[in-house]
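just coords:
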């Protein structure tokens, strides 16, 4: 039996956060969603927003937090799409740094366990492939993606300093590309871009020659990984990769989306953006051995419900899933 807890999910109205909130509620926990709704939406919460064990708190994690008593804290508060986090890079860095400080201070006051949703972007343009957790990365500190990459690296540093200085029980998840129903149609990341473009009959925009690789993890698998990381005692203070080790070129993804949608869209090749990584694949050995977790849903199987969701979105029929 899982002990019933009071859990704060910062960024809980976003794509992953809302699914995490729903899963925690289904397990009987009391959930507080904290979100400034910059990229998140209450529409993502519609299926459970009226539940008595759920509370929506519209606030910015980078500002001083109201007094709360919680047992667990998940920090998912930061735009994850390049077009969103690059639109205000200073705000992105502030969210990562000040948000981490505010939530860590709350964890100290409450004696709460806290999880940081970090990212594979801490590895930058990797010189090691696949990327294990002990790889220190190859990140530009001056490029257009640095606000997110370096912001997440700074947040990890803060987590480890609070662990060493205050004994905070911390968990750090390095999340690789995640997709699934519930993403915004204008999310700007490659899966949502390709699916929406294919359904509209528009050209699929490929940056570079399409040979760069990504590893795509379905949202349900990822949420289970976060839960396992939070509740596995041996995972304290150990960064752990969460992602699907299946590696695909961007062109392979585009061709699969065209096949599954039946679209006649063509491929449109544009210059590769600055600092866009050419390879990305997680080494999940640690997640497998420590968390007993690995993704179960193959890319083809995860794309099918994702395509159905976006098709309903474009028809004005989509409901939270």
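Alright, I've got the coordinates. Keep in mind that this is a model prediction, so the values were computed, not measured. Numbering: from 1, shown residues only.

burial measure for residue 204, as a count.
25 (other C-beta atoms under 10 Å). (Each C-beta comes from the backbone N, C-alpha and C, glycine too.)

Report the residue spans of the stretch 1-150 of the chain with pLDDT below the cut-off.
Within the stretch 1-150 of the chain, the set of residues satisfying pLDDT under 70 comprises 1-2.

can you map out the helices along it?
In the stretch 1-150 of the chain, the helices defined using DSSP state H, counting those that start in this stretch lie at 15-26, 82-85, 89-110, 146-166.

Which strands and helices lie in contact with the longest one?
Right, the one you point to is helix 89-110. strand 6-10, strand 72-75, strand 113-119, helix 146-166 (3 or more C-beta pairs under 8 Å, 6 or more residues apart in numbering; DSSP states H and E).

Point out the most buried one among those.
strand 72-75 (a mean of 27; mean count of other C-beta atoms under 10 Å).

ok, and what's touching stretch 135-151?
By C-beta atoms under 8 Å, 6 or more residues apart in numbering, the list of residues contacting stretch 135-151 from outside reads 78-80, 82, 85-86, 89-90, 92-93, 95-97, 119, 121-128, 153, 273-276.

Buried among these? Make that a ChimeraX selection.
Buried residues within the contacts of stretch 135-151, by 16 or more other C-beta atoms under 10 Å, are selected in ChimeraX with:
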select :78,79,80,82,85,86,92,93,95,96,97,119,121,122,123,124,125,126,153,275,276
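
rewinding a little: now the helices of the stretch 1-150 of the chain as CSV including distance to residue 256?
Listed next are the helices of the stretch 1-150 of the chain as CSV, based on distance: least, C-beta to C-beta, whole Å:
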stretch, distance to residue 256
helix 15-26, 21
helix 82-85, 22
helix 89-110, 31
helix 146-166, 27
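
contacting residues around residue 254?
Residue 254 neighbours (C-beta under 8 Å, 6+ apart): 194, 204, 206, 210, 267.

Considering these, which possesses the most neighbours?
The most neighbours, when those are compared by other C-beta under 10 Å, belong to residue 194, which has 27 neighbours.

Let's verify the residue lying closest to it once chain neighbours are set aside: helix, strand, or coil?
Distances taken as C-beta to C-beta, 6 or more residues apart in numbering place residue 257 nearest to residue 194, at 4.4 Å, with adjacent residues excluded. With DSSP: H, G, I helix; E, B strand; the rest coil as the basis, residue 257 sits in helix.

For this protein, just list every one of the strands.
6-10, 30-35, 54-58, 72-75, 113-119, 170-175, 178-179, 204-207, 213-215, 217-218, 239-242, 247-249, 267-270 (DSSP state E).

Out of these, flag the one nearest residue 298.
Nearest to residue 298 among these is strand 217-218 (8.5 Å), distances taken as C-beta to C-beta.

I'd assumed residue 198 was in contact with the residue nearest to residue 194.
Yes - Residue 257 is in contact with residue 198 according to C-beta atoms under 8 Å; the separation is 5.1 Å.

what's the overlap in contacts for the two?
204, 263.

The closest residue to residue 209 other than its chain neighbours - how many residues pack around it?
Distance criterion C-beta to C-beta, 6+ apart; nearest residue to residue 209, sequence neighbours excluded, is residue 269 at 6.7 Å. When neighbours are counted by other C-beta under 10 Å, residue 269 registers 14.

what does residue 37 give?
Residue 37 - counted by other C-beta under 10 Å - has 13 other residues nearby.

Pretty sure it sits against residue 12.
No - with contact defined as C-beta under 8 Å, residue 37 does not reach residue 12; the gap is 10.6 Å.

quick one: which two of the contacts of residue 254 are the most distant?
194 and 210 (11.1 Å).

tell me the contacts of residue 226?
Contact partners of residue 226, counting by C-beta under 8 Å, 6+ apart, are 20, 74, 115, 117, 173, 242.

can I get the residues you listed in CSV with distance to residue 252?
As requested, those are arranged in CSV below (distance: C-beta to C-beta, whole Å):
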residue, distance to residue 252
20, 29
74, 32
115, 32
117, 27
173, 26
242, 22
